[in-house]
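**Q** Turn this into a structure:
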Amino acid sequence: MDETGCGFCHVPEETAYLRTPHVRIPLDVVQYYLFEVPDHFDDHPAAMRRLLPQAARAMADGSLDAIGCGAHGLSRVDWRSWPAEQAAAIEAFLHAWWQDALTRPDPPYGIDEIFDTCATIARTVTPFLDGWGRSPAADAHLVHCTDGWLYDLLSDRSPFSWWQDDSEDAGLADLRSWLAGPGAVRLRAQGEPDLAVRAELLALPYDERWAHPYWASASATN
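**A** Here you go, the predicted model:
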């Protein structure tokens with residue numbers, strides 16, 4: 001790899017890490033490059049492959065300063081076209097990371113940010129919704145995410161800040177369908193009837209959604 005990086009934004013000593021295999025990249029450089037825009041690299045996919053081992057570990061153990069601060073680099077590359085073993089490893093990591101986060105009452109990043117990152121990298125919400133286990137922590141995370149997502153979804157806006165390709169519309173449709181169906185059933189069983197009703201409203205057209213009698217009820221106005 002002969003990466004030179006952006007001469008205006010990238011320090012040569014930092015870019016040199018991308019050209020040097022088997023050398024540990026400082027965590028602050030991983031953080032910076034992982035969310036850098038693609039046109040600042042000569043070969044953005046290659047840069048992401050170079051960062052990936054350390055980036056995945058930092059995502060899992062919470063040692064990055066933040067996630068959700070920009071579009072994740074893997075969401076901007078066609079990693080599914082990489083060699084099958086590499087693509088399978090990325091997919092397996094996303095599923096494992098999500099499952100681990102669901103078991104933690106207080107994961108190292110916001111649960112909604114972890115979902116957002118997984119979904120935008122995978123370009124689908126389906127496996128992460130289908131894999132939403134049932135436990136006190138997972139149930140609490142469902143309540144938290146649903147409450148935040150509905151703020152945008154009920155107004156036909158996207159709750160995902162960095163999903164920027166053609167797969168977003170399908171992802172939003174799948175999310176609305178799941179929340180209005182299985183998600184609402186789970187919320188009601190968890191003692192969240194108000195949140196369940198709002199989730200079910202996603203199945204209605206926009207005008208019918210906002211004309212629903214629910215909005216005149218005491219619970220809706222409190």
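**Q** pLDDT below threshold where in this protein?
**A** Residue ranges of the chain with pLDDT under 70: 1, 218-222.
**Q** ok, now how distant is Pro213 from Leu204?
**A** Distance of Pro213 to Leu204, given as CB to CB, to the nearest Å: 12 Å. Every C-beta, even on glycine, is put in place using the N, C-alpha and C of the backbone.
**Q** More neighbours: those two, which one.
**A** Ranked by neighbour count (other CB atoms under 10 Å), Pro213 and Leu204 place Leu204 first, with 14 against 7.
**Q** Spell out the secondary structure type for Gly5.
**A** Using DSSP: H, G, I helix; E, B strand; the rest coil, the structure places Gly5 in coil.
**Q** Am I right that it is in contact with Pro38?
**A** No - between Gly5 and Pro38 there is no contact under CB atoms under 8 Å: 11.9 Å.
**Q** Those two: which is more packed in?
**A** With neighbours defined as other CB under 10 Å, Gly5 and Pro38 compare such that Gly5 has more, 20 against 14.
**Q** who's in contact with the more buried one?
**A** 12, 14-15, 18, 40-42 (CB atoms under 8 Å, 6 or more residues apart in numbering).
**Q** can you list these in TSV and add distance to Ile114 and secondary structure?
**A** Formatted as TSV, the contacts of Gly5 follow (distance: CB to CB, whole Å; DSSP: H, G, I helix; E, B strand; the rest coil):
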residue	distance to Ile114	secondary structure
Pro12	34	helix
Glu14	27	helix
Thr15	29	helix
Leu18	26	helix
His40	26	helix
Phe41	25	coil
Asp42	31	coil
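**Q** can you pick the most crowded of those?
**A** Going by other CB under 10 Å, Leu18 tops these with 26 neighbours.
**Q** Excluding chain neighbours, give the residue nearest to that residue in space.
**A** Glu3 (4.2 Å; CB to CB, 6 or more residues apart in numbering).
**Q** Next: Gln54.
**A** Val30 is the one closest to Gln54 (CB to CB, 6+ apart), at 5.2 Å.
**Q** How about the secondary structure of that neighbour?
**A** Assigned state for Val30: helix (three-state reduction, three-state DSSP).
**Q** repeat for the one 3 residues further on
**A** Each residue gets one of three states, and Tyr33 gets helix by three-state DSSP.
**Q** What about the closest residue to it other than its chain neighbours, how many residues nearby?
**A** Nearest residue to Tyr33 in three dimensions, chain neighbours excluded: Leu51, at 5.8 Å (CB to CB, 6+ apart). Look at Leu51: counted by other CB under 10 Å, it has 22 neighbours.
**Q** What of the one 5 residues further on?
**A** Taking other CB under 10 Å as the neighbour definition, Ala56 ends up with a count of 17.
**Q** check which helix or strand covers it.
**A** Assessed by DSSP states H and E, Ala56 sits inside helix 44-61.
**Q** Buried residues in the helix or strand following that helix, which are they?
**A** With elements assigned by DSSP H and E, the helix or strand that comes after helix 44-61 is helix 84-103. Within helix 84-103, the residues scored as buried using 16 or more other CB atoms under 10 Å are 89-90, 93-94, 97-98, 101-102.
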